[in-house]
Every structure is written in C-alpha cells, then in structure tokens.
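> Sequence first, predicted model second:
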Amino acid sequence: MTQNTQHASVGGDVFLHPDAIRLQQAARALLGWSQKDLADVTGVSLSTLNRMERGGGRPSFFTLQAISSALMAAGVEAFRQQDGSIGVKISAEGLANSKEYPTQPDGSKLIKIYPHAD
C-alpha cells in the first residue's frame, strides 16, 4: 500500500475541520501537553476543553481559532491530504520544546518509533 504524502492544504484551517477535537488531542499528544497546559496557553477554560474532548457541546469558532493558533505557535501543523484524510505533524522546533520527548543529558531527543502493522 502506498501512502500519499502530498498535502492538499496545511495550516490552521484544518483545525476547524469537523474532526478538530481528535486533531487537538493528537496535537496535544505530540507536544506532551495536558488539557490544563492547553487551557493555560489558549485562555480557554479547562472545563470547556474537557467537555469538547468528551464530545459534549459544539465549540465556538473563536474557541477553535484560539486552540488552532496556540497549537500552530507551538510548532504543530494540521494538514489535509489529497485523498481527504487529515492529520497533524510537529516541526523540529516544536519537537525540541515538546514535553513528550524529554531532552537527554547530551542534548538530544530520544524518540521511539514503532513500525506500522499492515
């Protein structure tokens, strides 16, 4: 199976996709951020983020915009592939600042990559 690696669009507009909550969770995981970390950075209340991620209510455009801006500023990009699939990726700078991948004593980052099971 070949993977389409060309992106049809990249940027914050994808964080406004109907699956934005799942993208938000994936982006938080890449950064090693908790919901509280995201709340602190965006000014969106922790209870609102918690409710959103549990599937309750519809977040406002302004809430999604605040989240999108914060995640992009932290180095996470959302993208849409030509086949319509969506995802998130982290820049080298974002990875360097990620809590998820702590800096080793020599200044490097240790990232474990697991093979994809077909």
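Received, thanks.
> which one is Phe89 nearest to, not counting chain neighbours?
Actually, residue 89 is Lys rather than Phe. Glu77 (5.5 Å; Cβ to Cβ, 6 or more residues apart in numbering). Every residue, glycine included, has its C-beta placed from N, CA and C.
> what helix or strand is the one you found on?
In this assignment (DSSP states H and E), Glu77 forms part of strand 76-81.
> and the helix or strand following that strand with strand 76-81, angle?
Next in sequence after strand 76-81, counting helices and strands by DSSP H and E, comes strand 86-90. Strand 86-90 runs at 150 degrees relative to strand 76-81, counting by axes from the mean of the first three to the mean of the last three Cα atoms, to 10 degrees.
> Give the buried residues for strand 86-90.
Using 16 or more other Cβ atoms under 10 Å as the test for burial, strand 86-90 gives 86, 88-90.
> re the thing from before, can you get me a residue count around the residue nearest to Lys89?
19 (other Cβ atoms under 10 Å).
> Could you do Ala20 as well?
Residues near Ala20, counting by other Cβ under 10 Å, number 20.
> Under a three-state scheme, what state does the residue lying closest to it once chain neighbours are set aside occupy?
Distance criterion Cβ to Cβ, 6+ apart; nearest residue to Ala20, sequence neighbours excluded, is Leu64 at 5.8 Å. Assigned by DSSP: H, G, I helix; E, B strand; the rest coil, the conformation of Leu64 is helix.
> since we're on Leu64, how many residues are nearby?
Residues near Leu64, counting by other Cβ under 10 Å: 20.
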